[in-house]
Structures are given as C-alpha cells and as structure tokens.
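Q: Predicted model follows, preceded by the sequence.
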Amino acid sequence: MKLHIRLHLILKPFRNSKYRPLLLAAGLLLGGCNALPAWCAESAGSRVPAVQEETKKLPAALEEAKKLPGLPECTGQMPLSYAEEFRVDYYGEDYALITIHSDDRYLLVSEGADVPADLPEDITVLQKPLEHIYAASSSCPDFFRQLGALDAVTMTSTQAKDWTIAPIRKAAEREDMIYVGKYSAPDYEYICDEGCSLAIENTMVYHAPQVLEMLKRLGIPVLCEYSSYEEEPLGRLEWIRLYGLLTDRQEAADSYFEEQLSRMREVLDSDGHSGRPAPEAGQEETASDREESTEAADVVFFYIASNGLVNVRREEDYVSRMIDMAGGRYLLHDVVADLPAAESHTGSVSLQMESFYAAAKDADVLIYNGTLGEPLEHLAQLIRKSPLLADFKAVKNGRVYCSRESLFQEVTGTCRMIEDFFHVIRQHEEEDLIYLRKLD
C-alpha cells in the first residue's frame, strides 16, 4: 500500500498520456502491475477509469502494521471502486480505522464502545454519535443532505447567500445551520458551546494552521477531507460511502452510489453512444481513444475573468474528465499539457484571449463556467465579455451553454452532470438539463 501511495504521488505530475508508456515500463520494473496507480493500468482501445474489483492483500509487514493495541484483529476493508484518497479498515463491529490522503488516521468508535487505550498518537478518535458538526468544507454538506443527515451539521463557514443547493440554503436561512465565521477565523466560543463533536475542513485550512491547533487544543476532532483531490469524478462521488459510515447510513450510501452508476450507464448507452462508455472494470481512457472517437464533439469549458484572461480546465481536472466520459473531446488537452509545469499545477490555468481563440474557435460546444461571478442568461452577455467569441463555431451554430451555480457544491450529482454533458454533446434538445442551461 505504501509503495502504491508513493508511486502515485511521484508519478502524478506525469499523468499526461504521452508519458504513460514510460510509466508502465517503470511500474513493471519496480513492482509489477499492482504497484501502478489505477490510471497507469491501461488496456488498449479503452476509455474508462479502472475499477478496483477487490481489495488487494497487503504485504505481511503492512498487515502487521494494521494491528492496533486494544482492538480486535482487522476483519475487513470497505470495498471501493474509484476513490483513492480514503480507505476504511474494520476491526470487528464497533471500530473502523479511516485513513485519508495516505497518512491522516481516524478511529471511528461505535456509541457505547470503549475507546482503546494506548492508541498511536497520530490516530484521532471519533466517537459516535457525531452531532453538532462544524462543516468548514462547502462540499461535504451535500453528502449529509443526500443521506438525510443534514440535521447533524449545525455549523458552517459558508454564509446562507452563498449556498447554491436549496435545502442547505434554507437550513442556513432558518439558522438550523449557523454561520460561525470564515474557515480561517471561526467563532471558537460558539463551536465549543454548541458541543461540536467533529470539525470537517478542506485543505484550505492548511493555510491557517492556527485554526487546526486551536480546534485540537479545545478537544474538537478535525477531519480534513480530500474528495476534491480525487482524479476520477466517480471517486469524488464515492466519498458518500465514507459519510454513510460516519452517519450510520452505510447501506443508503452504497445503494445511492450504485444506483447513480447504473442510471448513468443506461443513459450513456441509450443511443449507441460511441464516445467513452459507461464505467466497467479494468478499463482506462487513452489519448488515442479521443482521436479515434470520430463522432465525439469538441468541447471547451471556460470562464473569462475581469482582467480578460480565460480560465480553462486541465486534463486531470474532474470537469474535463466528465466531458470525456460523456463522449466528448475536451479540446484543450494538448494546449494545457504544453504549458510549463509552474503554470499548470492546479486544476485550471489561464490563457490570453488570443491563445484561447486560436485553440478553441472551432470547438463544437462551448460551456461557460457559471459558478464564478454572475451566471449568464443570454448569449449576448457572453459576447460582451469578448467580441472575438462571435466568430466561434459553437456560437454560430447555437451550441453554447452555461453551467448552473450548483455544479461544484452538489457533488452527489456527479453522474447527472455527466448525463447533462452527454445530452449536450449528442444534441438531445428534448432532454431537461439540470446543471447546464443553453444560452440563446
């Protein structure tokens, strides 16, 4: 497991398809197929993210390391299909060891069960029931909402006006979920008085380490979630299984995840879909697949900043991955891949309008990122941002869309987002879109 993690982190910057033959050879030399990250394990002609069909047995030394004082033997592991940023090992019925981002460990203890003595210092104990949760991460409340457990989240660092998911916004407006200040300066007194049993942060908190220190000093366990670090969109969605475990809704979480995958497969296969097919086991997209899928539309997802620069997504970003899964070709793969490493280490990069024009003017579909700034309602609003856009093929052909505000906060809608991209790419005008709107 450790070898896999280290290789995954080392090889991640080289994930671009042009390096993959070298990575495959290196991985085989170093440790065989099992040492490779899932995205390296390609099969020719395939366009689907790899699925972990079963839990791989750990080396004996690592199995020994899984033994914890005061706990029974490890009795199993949560089976995961796509998520790589968390893992769950079960120790009987009352204990589950959660590992996030390879090194953050949490012991989830059932209500009424004893907390083991002499646990390693790096393990944070989470004692059920988890109530009065402080959600500094704006993506995690959607998992609670989908599982019918939103009432467990009573504090947030997102103001009511900034929520784009109606039930969560209404909960904030009713003050069922209280705004306790920015993630970097929360109201510690209120959080303590509320009896907070868990603070869920995202990785932004590492820019404010004093917050982590204070919460821990106050005896409030902190879980930093990494769902946004998942390279596969379905990996982000699969975090619902972790939240199902935390809220005693494991069966509901598993059912929701499987139902979403099943529905998506059915939709993507509904009209002889020739792009990237619905996920099956042991498959991964390759660069040649994009070239060979002649019926796929060229798609660009972008945003124009106030300084005139155009923000576009990288190949590894989950939005461009969703477009590929829906049968489209994200047109800027090669443009972004050619940028210097210093400019392309995040999920998006910025281009001058002239460069964007040269690369994207022949795109079949344009999708404007409506989650940043004011969302667009009409095509004229977009063209006012840059008259050059009037010359784009998609503008002339009426294939311009804007994403709705909830695209990023509503993680549990991942499969439905892919379906929306699919309908846009296949020009299914009769279908009702949830996360996209057409600009006329």
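A: Sure thing, it's come through. In this text the structure is predicted, and so the values were computed from the model without any measurement.

Q: count of neighbours near residue 125?
A: Number of residues near residue 125 (other CB atoms under 10 Å) recorded here: 12. All C-beta atoms are positioned from the backbone trio N, CA, C, and that covers glycine.

Q: Begin at 39 from now on, thanks
A: Understood, numbering begins at 39; the last thing we discussed is residue 163.

Q: Read off the pLDDT value for it.
A: We have a pLDDT of 97 for residue 163.

Q: Was I right to think it contacts residue 151?
A: No - when contacts are counted by CB atoms under 8 Å, residue 163 is not listed as touching residue 151 (10.8 Å).

Q: Now do the same contact list for residue 199.
A: Taking CB atoms under 8 Å, 6 or more residues apart in numbering, we find residue 199 in contact with residue 207.

Q: Unless I misread the structure, it falls within a helix.
A: Yes - Residue 199 forms part of a helix when assessed by DSSP: H, G, I helix; E, B strand; the rest coil.

Q: gap between it and residue 373?
A: Residue 199 sits 36 Å away from residue 373, going by CB to CB, to the nearest Å.

Q: cool, and residue 444?
A: Distance, residue 444 to residue 373, by CB to CB: 28 Å.

Q: And residue 461, by the same measure?
A: To residue 373, residue 461 is 26 Å away according to CB to CB.

Q: repeat for residue 465
A: Applying CB to CB, the value for residue 465 to residue 373 is 25 Å.

Q: Mind checking which of these two has more residues around it?
A: Each of residue 465 and residue 373 has its neighbours counted (other CB under 10 Å); residue 373 has more, 18 against 12.

Q: Where does that one fall, secondary structure wise?
A: Using DSSP states H and E, residue 373 sits in helix 371-375.

Q: And stretch 199-217, end to end?
A: This stretch, stretch 199-217, spans 11 Å end to end (CA to CA, to the nearest Å).

Q: now swap in stretch 215-233 and tell me
A: Stretch 215-233 stretches 14 Å from its first residue to its last (CA to CA).

Q: buried set for that stretch?
A: For stretch 215-233, a neighbour-count test (16 or more other CB atoms under 10 Å) marks 215-219, 221, 224-226, 229, 232 as buried.

Q: what about residue 197, how many neighbours?
A: Residue 197 has 12 neighbouring residues, counting by other CB under 10 Å.

Q: What values do phi and psi take at the closest residue to residue 147 other than its chain neighbours?
A: Distances taken as CB to CB, 6 or more residues apart in numbering put residue 165 closest to residue 147, at 4.9 Å, once the chain neighbours are dropped. Phi and psi for residue 165, reported as degrees, to the nearest 10, are phi -100, psi 120.

Q: quick one: residue 165 and residue 145 touch, right?
A: No - with contact defined as CB under 8 Å, residue 165 does not count as touching residue 145 (9.1 Å).

Q: Compare those two (neighbour count), which wins?
A: residue 145 (21 against 16).

Q: Tell me what the more buried one is bridged to.
A: residue 135, residue 163 (DSSP bridges).

Q: can you pull the contacts of it?
A: The contact partners of residue 145, by CB under 8 Å, 6+ apart, come to 106, 133-136, 153-154, 157, 161-164.

Q: next one: residue 473
A: By CB under 8 Å, 6+ apart, residue 473 lies in contact with 441-442, 444-445, 448, 451, 454-455, 458.
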